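Peer 1: I would like to see how this sequence folds:
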Amino acid sequence: ERKYRGYSNQSSQIRASFSHDDRYIISGSEDSWFYIWRTEPSTIINTNGSSTTDAK
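Peer 2: Numbers count the residues shown, from 1 in each chain. Next up, the predicted model:
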């Protein structure tokens, strides 16, 4: 099991989706941002273009 951090989802049903090649996951967030994660290596890519290794 792997958890991807960064987004906020306290009261809504927000689904994540995989890219067609399963290399990325994208999800909207209650903080009005969307988040994209690389599946390997586990890296979050923010909407501002920066990236940090933050998945565990």
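Peer 1: ranges for the strands of this structure?
Peer 2: 17-18, 24-28, 34-38, 43-45, 51-52 (DSSP state E).
Peer 1: could the ones you listed go into TSV alongside mean pLDDT and mean neighbour count?
Peer 2: Bear in mind the C-beta positions are built from the backbone N, C-alpha and C, glycine included. What follows is the strands of the chain, written out as TSV (pLDDT from 0 to 100; neighbours: other Cβ atoms under 10 Å):
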stretch	mean pLDDT	mean neighbour count
strand 17-18	91	10
strand 24-28	85	16
strand 34-38	83	18
strand 43-45	71	17
strand 51-52	50	12
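Peer 1: list the contacts for residue 18?
Peer 2: Shown in contact with residue 18 (Cβ atoms under 8 Å, 6 or more residues apart in numbering): 24, 25, 39.
Peer 1: give me the number of residues near the last one?
Peer 2: The one in question is residue 39. When neighbours are counted by other Cβ atoms under 10 Å, residue 39 registers 16.
Peer 1: Distance check, the closest residue to it other than its chain neighbours against residue 38.
Peer 2: Distance criterion Cβ to Cβ, 6 or more residues apart in numbering; nearest residue to residue 39, sequence neighbours excluded, is residue 23 at 5.8 Å. Distance from residue 23 to residue 38, counting by Cβ to Cβ, to the nearest Å: 6 Å.
Peer 1: Looking at the contacts of residue 18, which is nearest residue 15?
Peer 2: Proximity of the contacts of residue 18 to residue 15 (Cβ to Cβ) peaks at residue 25, which lies at 10.6 Å.
Peer 1: Please report how far residue 39 lies from residue 16.
Peer 2: Look at residue 39 and residue 16: by Cβ to Cβ, they are 11 Å apart.
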